[in-house]
Structure formats: structure tokens, C-alpha cells
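In: This is a predicted model, with the sequence first.
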Amino acid sequence: MNIPENKSKLFTSNFWKNNNLDYILLTENVSRQWLTNFQTSSGFILLSKHWMKPKLFLDARYFTEAQVKVKNCDLEKLENFTVFLRKLNGKVGFEDAVTHLFFQKLAKINKNIDLTPFSLANLRMIKSASEISHLRKICHLTKQIWQKVVLFVQEPKTEKEVERFIINQFLQNEVNELSFLPIVSSDKRSAFIHTSATKELIKENLLCDFGGKWNGYCSDFTRTLILNPQSKLNSYFQIVEKVHKKVISHIKPGVKVSELALIADEIYLENNLELKHALGHGIGLEVHEKLIISQQNDLVLQPGMVFTIEPGIYLSNLGGIRIEDVILVTKTGYEILTN
């Protein structure tokens with residue numbers, strides 16, 4: 001069975017012993033895609049410490065295609081799921097997002113199982129070579145689109161026109177799914193950290209936060225363009241840029257996440273400013289994954305971790321500035337995937 005390195009732990013005796021589980025039930029769309037590289041909108045995966053392969057339960061919409069594309073699971077028809085569930089005896093890990101109603105149904109189907117919360121977040125935090133390849137591709141394309149946006153706004157444009165331009169650029173490059181609807185704001189409205197594009201003409205400055213998906217993997221990228229050379233935002237831009245560069249320069253295996261946040265906070269304090277959101281977040285099949293960059297997080301960086309660094313300053317009377325890149329932790333340091 002060909003299993004990428006970050007997923008292989010699911011099939012070791014130490015993993016099952018450390019988690020004190022007999023079975024794992026995966027119900028989330030991203031979990032199924034992560035394990036199988038096959039995207040579905042419904043279905044279940046059932047793993048056991050006793051089985052060589054997981055069992056993937058799918059309905060007729062996906063079953064035939066999965067027979068061709070999915071090699072690391074035994075395929076079962078979705079209607080057989082209850083039959084398998086009734087045969088289980090022991091501890092079953094279920095994902096955090098399971099609803100209370102579904103939890104009750106599981107418990108009712110089989111009273112011999114002990115249901116306990118389980119999350120793939122820690123395993124998904126370390127990306128495999130194939131995952132990094134997908135992330136690198138979509139991040140590179142996202143940066144290229146920004147370069148086109150800079151040219152596009154040399155003539156007067158509205159926020160809505162820029163939003164449509166970004167979406168169309170992704171579509172023209174065979175990216176049919178966005179990480180999220182682009183955040184396009186300008187002038188004083190750019191001080192709104194997350195907002196919607198308007199029909200207002202861009203005059204002084206432009207903030208764009210956007211991303212797309214390639215094989216399910218997300219990019220997340222922000223740039224601020226100051227169109228008026230005399231703008232008071234220029235001095236604040238330099239502060240954000242200083243935070244951005246200094247934090248990234250310290251990224252390498254063995255560094256604590258909290259140390260990165262501390263570096264940023266020291267620069268903010270020197271300038272009597274504060275960061276109004278997290279310095280960054282994990283990214284992969286979801287645009288926001290586990291690994292929040294904050295002083296409360298003492299997690300140690302490891303090769304294969306991928307996350308954003310996104311310092312910003314937001315001034316209601318002037319506007320907002322944010323610079324965001326996607327960073328990969330390498331064996332010796334870092335790689336800026338959106339560079």
C-alpha cells in the first residue's frame with residue numbers, strides 16, 4: 001500500500017497504542033480527501049488497528065470513479081456502513097465536527113463501542129512532498145495574479161472590478177475553486193480587516209487578500225498597494241514590512257511558534273501599535289488549519305509545516321496595510337511559497 005510519509009503513522013502499532021483506540025471513523029470531507037487524494041462531498045472512512053487497509057464507504061455517485069482512482073482503501077458501498085459498524089467492539093475515535101445527532105445515532109447502532117473524540121490535525125500539520133507540490137503550484141499562480149492586478153489598477157478601477165479580475169484570472173488558469181471570496185478594499189475602507197468589495201473607485205491605496213485551490217490545496221495571499229506617494233500610510237507600511245521580513249528570517253526547525261509572535265509584538269510595541277489578529281495560521285486542504293502563530297503557542301517548528309505570516313496595521317482614519325505570504329518550513333530554514 002502506497003502511503004505518503006505523513007499519513008503512514010495511521011498504520012503503525014505505536015500510533016494506535018498512543019491514542020488508545022481500536023478504530024477511527026473519519027467523517028469530514030477534507031479528511032477523506034487527505035487520506036485518499038479523492039474528493040467527495042459525502043462518505044465515511046473506517047480504520048482499524050487490525051486491518052491492512054482502511055474501508056472507504058461511498059454512494060453510487062463516486063463509487064465507480066473511486067474504483068479507478070483510490071488505491072489505498074478497500075471500497076464499500078455506503079449502504080453497508082451500518083452493517084460494519086454493528087460488528088465493532090472497542091474504542092472508536094470520531095472527529096470533532098461530528099454533530100450531536102450523528103453521535104447519538106452511532107451510539108444507538110452499536111452499544112458495544114466506546115466513542116471518543118479524535119482529530120487528524122496534528123498529522124495534517126506536516127505536509128507530504130505531494131501536498132507541498134500542490135501548495136507550491138497554487139501559491140506561485142496566486143503571486144502571478146497579484147502582479148497582473150498591479151498592472152490592472154494603473155488605470156482607475158473600482159473594488160468590484162478588481163474582485164472580478166482576480167476571480168477571472170483564477171478561472172483562466174483552470175482554477176475553478178477559490179480559498180475564499182477575495183477581500184478587496186481601498187482607502188479608509190481598507191482598515192476593515194475582513195470586508196466586501198464595493199463599487200467605490202480606488203484612489204489612495206488598495207488591499208487585496210485572496211487565494212485559490214489546486215487539487216484541494218489552498219493559497220492565501222495579501223498585498224497592499226499605496227497609489228499616492230504622499231500617503232501617510234507609507235511610514236506604517238515600512239513597519240509592517242519590517243515585521244514581515246524579521247519574523248520570516250527567524251523561521252527554521254526547532255524554533256517555537258511563540259518566538260515568532262514575540263518578535264512581531266516587540267516591533268509593534270516599539271511603535272505604540274498592536275496586531276489586531278493572529279500573526280498567521282496553518283494552511284493546506286483548509287485555508288485555516290491548526291497552527292496559530294501566537295505567543296500562547298509553544299509548538300516547535302518542524303520541516304513540512306506550512307503556514308502564513310500576515311502582519312497588519314489598521315487605522316480607521318487612514319486605511320489598512322497587510323502583507324501575507326505562505327511559508328514552508330524546510331530542513332534548514334524556510335521557503336516562501338508565494339514569493
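Out: Good, I have the coordinates.
In: from what I can see residue 80 touches residue 56, true?
Out: No. Residue 80 is not in contact with residue 56 according to Cβ atoms under 8 Å; the separation is 11.3 Å. Yep, even glycine has a C-beta here, placed from its N, CA and C like the rest.
In: Give the burial count for residue 284, as a bare number.
Out: Residue 284: 25 surrounding residues under other Cβ atoms under 10 Å.
In: One more: residue 112?
Out: As a burial measure, residue 112 scores 9 neighbours (other Cβ under 10 Å).
In: and what of residue 91?
Out: Per other Cβ under 10 Å, the neighbour tally for residue 91 reads 17.
In: quick one: which of residue 80 and residue 56 has more around it?
Out: Neighbours per residue (other Cβ under 10 Å) separate residue 80 from residue 56, with residue 56 holding more: 25 against 11.
In: Next, the contact list for residue 263, please.
Out: Shown in contact with residue 263 (Cβ atoms under 8 Å, 6 or more residues apart in numbering): 243, 246-247, 250.
In: Quick one: buried ones out of those residues?
Out: 243, 247 (16 or more other Cβ atoms under 10 Å).
In: Now the contacts of residue 263 in a markdown table, please, with extra columns for secondary structure, pLDDT and distance to residue 152.
Out: As requested, those are exported to a markdown table (DSSP: H, G, I helix; E, B strand; the rest coil; pLDDT from 0 to 100; distance: Cβ to Cβ, whole Å):
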| residue | secondary structure | pLDDT | distance to residue 152 |
| --- | --- | --- | --- |
| 243 | helix | 98 | 28 |
| 246 | helix | 98 | 31 |
| 247 | helix | 98 | 30 |
| 250 | coil | 98 | 35 |
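In: which one among the contacts of residue 263 gets closest to residue 280?
Out: Set against residue 280, the nearest of the contacts of residue 263 by Cβ to Cβ is residue 247 (8.4 Å).
In: Phi first, then psi, for residue 147.
Out: Main-chain torsions, residue 147, degrees, to the nearest 10: phi -60, psi -30.
In: what do you get for residue 20?
Out: Phi and psi for residue 20, reported as degrees, to the nearest 10, are phi 50, psi 50.
In: And residue 110, by the same measure?
Out: phi -140, psi 110.
In: again, but for residue 34
Out: Torsion angles, degrees, to the nearest 10, at residue 34: phi -60, psi -40.
In: Counting neighbours, what do you get for residue 265?
Out: Residues within reach of residue 265, counting by other Cβ under 10 Å, total 17.
In: quick one, what contacts it?
Out: 275, 295.
In: Could you name the specific helix or strand carrying it?
Out: Applying DSSP states H and E as the criterion places residue 265 in helix 257-270.
In: Mind checking what helix or strand follows that helix in sequence?
Out: Using DSSP H and E, the helix or strand that follows helix 257-270 in sequence is strand 306-309.
In: What residues of stretch 299-319 count as buried?
Out: Across stretch 299-319, burial judged by 16+ other Cβ under 10 Å covers 301, 304-314, 318-319.
In: Tell me which two of these sit farthest apart.
Out: Maximum pairwise distance in the buried residues of stretch 299-319, criterion Cβ to Cβ, is 39.3 Å, between 304 and 318.
In: Tell me how far residue 284 lies from residue 48.
Out: 26 Å (Cβ to Cβ, to the nearest Å).
In: ok, now residue 294?
Out: From residue 294 to residue 48 the distance is 37 Å (Cβ to Cβ).
In: Which residue ranges of the chain form helices?
Out: Taking DSSP state H, the helices of the chain run over residues 13-19, 29-36, 60-69, 81-87, 100-109, 121-125, 129-152, 159-172, 233-249, 257-270.
In: how about the contacts of residue 263 in TSV, adding distance to residue 268?
Out: As requested, the contacts of residue 263 are exported to TSV (distance: Cβ to Cβ, whole Å):
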residue	distance to residue 268
243	7
246	12
247	11
250	16
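In: Closest one of the contacts of residue 263 to residue 26?
Out: Ranked by distance to residue 26 (Cβ to Cβ), the contacts of residue 263 are led by residue 247 at 34.3 Å.
In: need the contact list for the closest one.
Out: With Cβ under 8 Å, 6+ apart, residue 247 has these contacts: 260, 263-264, 279, 309, 311.
In: and if we set it to 6 Å?
Out: Each residue near residue 247 by Cβ atoms under 6 Å, 6 or more residues apart in numbering is listed here: 260, 263-264, 309.
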